[in-house]
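# this one's structure only:
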Ligand code: TYM
């Protein structure tokens with residue numbers, strides 16, 4: 001069985017962008033692959049944060065993933081900092097990664113703009129830690145949204161550089177794009193993300209979701225209710241394709257183009273279909289919140305499993321680098 005590895009930051013509140021771009025795809029893949037998923041708390045330290053809230057954020061991220069359907073019986077879920085080999089391998093990879101490659105990373109440029117007061121070395125080296133995450137487990141595939149493809153390319157480059165200098169140890173991992181790889185925010189302008197405050201939360205309350213959808217940007221050329229709309233350029237139509245069944249998507253397409261329905265009705269149907277999928281996730285999430293010990297057990301057993309694999313890889317790496 002080939003192996004997939006992917007990670008998610010404990011951002012406090014996961015978005016439906018995370019769900020559609022990553023988690024829902026992970027769930028679809030766990031039967032076919034040896035699957036490892038990681039809450040990447042070390043990556044989350046690269047921007048300002050409140051240490052007293054970090055534990056909760058990690059637990060919430062784990063609960064949301066499990067509630068969404070990542071069955072801990074069928075895959076491994078663990079916390080990055082529980083397996084210290086991630087940071088050790090990062091250091092070794094730092095010595096083969098050209099600074100120029102890191103300076104070209106789109107996400108580094110974006111985050112440097114957003115956090116001008118805190119452009120730290122960790123933020124710059126973020127993709128090296130990501131390469132270490134993936135290569136420590138010699139993963140073949142990395143299921144991600146479109147924004148992570150450049151980082152996976154860099155991981156391939158790091159594997160190539162390391163192998164050519166120290167011998168063939170790492171496979172070159174390939175990105176596996178989700179069927180909805182780039183979910184735009186409710187502003188219709190930038191990628192949906194917590195930091196842009198243009199998101200719907202994966203476990204957000206229904207009333208709040210309906211309110212947010214009501215103000216979401218649609219096809220801006222459709223000024224009046226009687227104007228025909230253009231679904232291809234409407235962000236909410238993309239969400240319909242993710243949450244509504246094929247027949248409903250076709251109906252909406254036709255009714256929007258003929259001005260048979262307006263945006264208000266289209267949004268109402270979207271909210272209904274979205275909540276059909278999200279209601280049970282939210283309920284399971286609140287149930288898990290009441291069982292922190294169960295989450296801790298799942299994460300502890302995940303870390304144990306990963307530590308064994310990590311220890312083997314690191315033995316090979318130290319040996320190849322002349323460190324034994
Ligand atoms: P993060 O936490 O930003 O996002 C986690 C996953 O969610 C996807 N995603 C989206 N997909 C579509 N549309 C969106 N609006 C959207 N927002 C988020 C991301 O593509 C990602 O797959 N650097 C990674 C975490 C990481 C990692 C790894 C991933 C650390 N180590 C190793 C893979 C392998 C990140 O910040 O993800």
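Ah, there it is. What you are looking at is a predicted structure, and each value in this text was computed from that prediction instead of being measured. Numbers count the residues shown, from 1 in each chain.
# which helices and strands does the longest helix along the chain pack with?
Longest helix of the chain, by residue count under DSSP state H: helix 292-320. Counting contacts by 3 or more C-beta pairs under 8 Å, 6 or more residues apart in numbering; DSSP states H and E, helix 292-320 is packed against helix 51-68, strand 76-79, helix 85-94, helix 121-136. Quick note: C-beta positions are derived from backbone N, CA and C, even for glycine.
# Need the three-state assignment for the residue of the stretch 1-150 of the chain found nearest the ligand.
Nearest to the ligand in the stretch 1-150 of the chain, going by C-beta to the nearest ligand atom, is residue 21, at a distance of 1.8 Å. Classification of residue 21 using DSSP: H, G, I helix; E, B strand; the rest coil returns helix.
# Settle this for me: it is touching residue 180, isn't it.
Yes: counting by C-beta atoms under 8 Å, residue 21 touches residue 180, with 6.3 Å between them.
# where does the stretch 151-300 of the chain come near the ligand, residue by residue?
Those residues of the stretch 151-300 of the chain that sit near the ligand, judged by C-beta under 6 Å from any ligand atom, are 151, 181-183, 191-193.
# Give me the subset of those residues that lies in strands.
Counted as lying in strands by DSSP state E, out of these, is not a single one.
# Select only the buried ones of the residues you listed in ChimeraX?
Buried members of those, defined by 16 or more other C-beta atoms under 10 Å, are picked up in ChimeraX with:
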select :151,181,183,191,192,193
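# could the residues of the stretch 151-300 of the chain next to the ligand go into a markdown table alongside distance to residue 73 and pLDDT?
Listed next are those as a markdown table, based on distance: C-beta to C-beta, whole Å; pLDDT from 0 to 100:
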| residue | distance to residue 73 | pLDDT |
| --- | --- | --- |
| 151 | 29 | 98 |
| 181 | 28 | 97 |
| 182 | 31 | 97 |
| 183 | 29 | 98 |
| 191 | 33 | 96 |
| 192 | 30 | 98 |
| 193 | 31 | 96 |
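# Look at the residue sitting furthest away from the middle of the chain and report its pLDDT.
What lies farthest from the middle of the chain is residue 226; by C-alpha atoms, centre = their mean that is 38.8 Å. Looking at residue 226, its pLDDT reads 93.
# what's the answer for residue 12, then?
pLDDT recorded at residue 12 is 88.
# Report the distance from the longest helix of the chain to the chain centre.
In terms of C-alpha atoms, centre = their mean, to the nearest Å, the centre of helix 292-320 is found 21 Å from the chain centre.
# Okay, buried residues for it please.
Judged by neighbour count using 16+ other C-beta under 10 Å, the buried positions of helix 292-320 are 295, 298-299, 302-303, 306, 309-310, 313-314, 317, 320.
# List just the nearest of those to the ligand.
Set against the ligand, the nearest of those by C-beta to the nearest ligand atom is residue 306 (12.8 Å).
# tell me the pLDDT at residue 284?
98.
# any idea how far the ligand is from it?
Residue 284 is 20 Å from the ligand, where distance means C-beta to the nearest ligand atom, to the nearest Å.
# Any buried residues in stretch 160-174, and which?
Within stretch 160-174, the residues scored as buried using 16+ other C-beta under 10 Å are 161-163, 166, 169-171, 173.
# just stretch 64-83 next, same as before
Residues of stretch 64-83 classed as buried: 64-70, 72, 75-83 (neighbour count, 16+ other C-beta under 10 Å).
# That's all I had, so thanks and see you.
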